Every structure is written in C-alpha cells, then in structure tokens.
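> sequence plus the predicted model coming up.
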Amino acid sequence: MAERRKFSRVVYRTPATLQQKDRSWEPKLLDLSLKGALLTTPAGWGETGKADDYVLSFCLNESDITLDMKLKLIQENDECLHFEIVHIDIDSASHLKRLVELNVGNDDLLHRELAQLTDLKDTV
C-alpha cells in the first residue's frame, strides 16, 4: 500500500480532554502531526454529533503549557480516533511546531511540511 501521509507524525502520549458541545471525554493522545492527532477511543464514546466540532486540549509534559485545537473526526474504530486539525491558535501552533521540530530531527523535512500546510490553507 502506498504511503499517503504528507506530514510526519511524532509519538506523543499524554492525557487529553476532548469536547463536543456539552459532552467531554478523557482519551489519551497517541501521536501528533502539524495537520492531525490520533487519540485512543475513550470510555463512553458513542453517538456523536457533527464530525467537525471537537476541541482537543492537552498539556505539554512537565509544563503548564496547554495546547488547544479544533478538530474534525476523519476516522474511528474501536481503538483509535483519527482527527484533522481545522483550527489552532497561534500560541498552540508555535508549541506544536516546536514539538514536531524536536522530534522529527530534520529541518528540511519540517520546512517542507510547513510549506505544504501553508499551501493547504491558501486553497481553502
């Protein structure tokens, strides 16, 4: 099977809060990219509303920095939820970029992914 992923994923396991309107779950974040997040399917997950009105919040390990992002549910199964980031504030985006940068270890790859992300935003 051909690799379709355009953005490097970094393993980042931490507790998180996922909200949709008045509902809330506490999944574990498994990995991140500049464009998406993979979460465990939390207890109590079931019927959900629209696929694009989720908010994910989590703290960076050993700090008080919280990242917040709006997500769209792309795919789900019994074990994992795959989300696309549809909006992220500038502070959270800066921290996410730095997290990916530290874990990818390749500046050229990071800059290429940032350019792709910018190109995607220009087409929307």
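Received, thanks.

> give me the number of residues near the residue nearest to D53 when sequence neighbours are not counted?
Nearest residue to D53, sequence neighbours excluded (CB to CB, 6 or more residues apart in numbering): Q20, at 5.8 Å. Placement of C-beta: from N, CA and C, glycine included. Neighbour count for Q20, taken as other CB atoms under 10 Å: 17.

> please shift the residue numbers so they start at 17 in all later answers.
Okay, residue one is now 17; in that scheme the one you just asked about reads as Q36.

> give me phi/psi at Q36?
Main-chain dihedrals, Q36, degrees, to the nearest 10: phi -140, psi 110.

> how far away is it from A67?
Separation of Q36 from A67 (CB to CB, to the nearest Å): 10 Å.

> E95 too?
For E95, the distance to A67 equals 18 Å [CB to CB].

> try L55
Distance of L55 to A67, computed by CB to CB: 14 Å.

> neighbour count: these two, which is higher?
L55 (24 against 15).

> need the contact partners of the helix or strand where that one lies.
Using DSSP states H and E, L55 sits in strand 52-56. The contact list for strand 52-56, computed with CB atoms under 8 Å, 6 or more residues apart in numbering, reads 23, 25, 32, 34, 43-48, 72, 85, 87, 90, 95-101.

> got a ChimeraX select line for the buried ones in those?
Buried residues among the contacts of strand 52-56 (16 or more other CB atoms under 10 Å), as a ChimeraX selection:
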select :23,25,32,34,43,45,46,47,48,72,85,87,97,99,100,101
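
> which of the contacts of strand 52-56 fall in strands?
Judged by DSSP state E, the contacts of strand 52-56 include 34, 44-48, 72, 85, 87, 90, 96-101 as members of strands.
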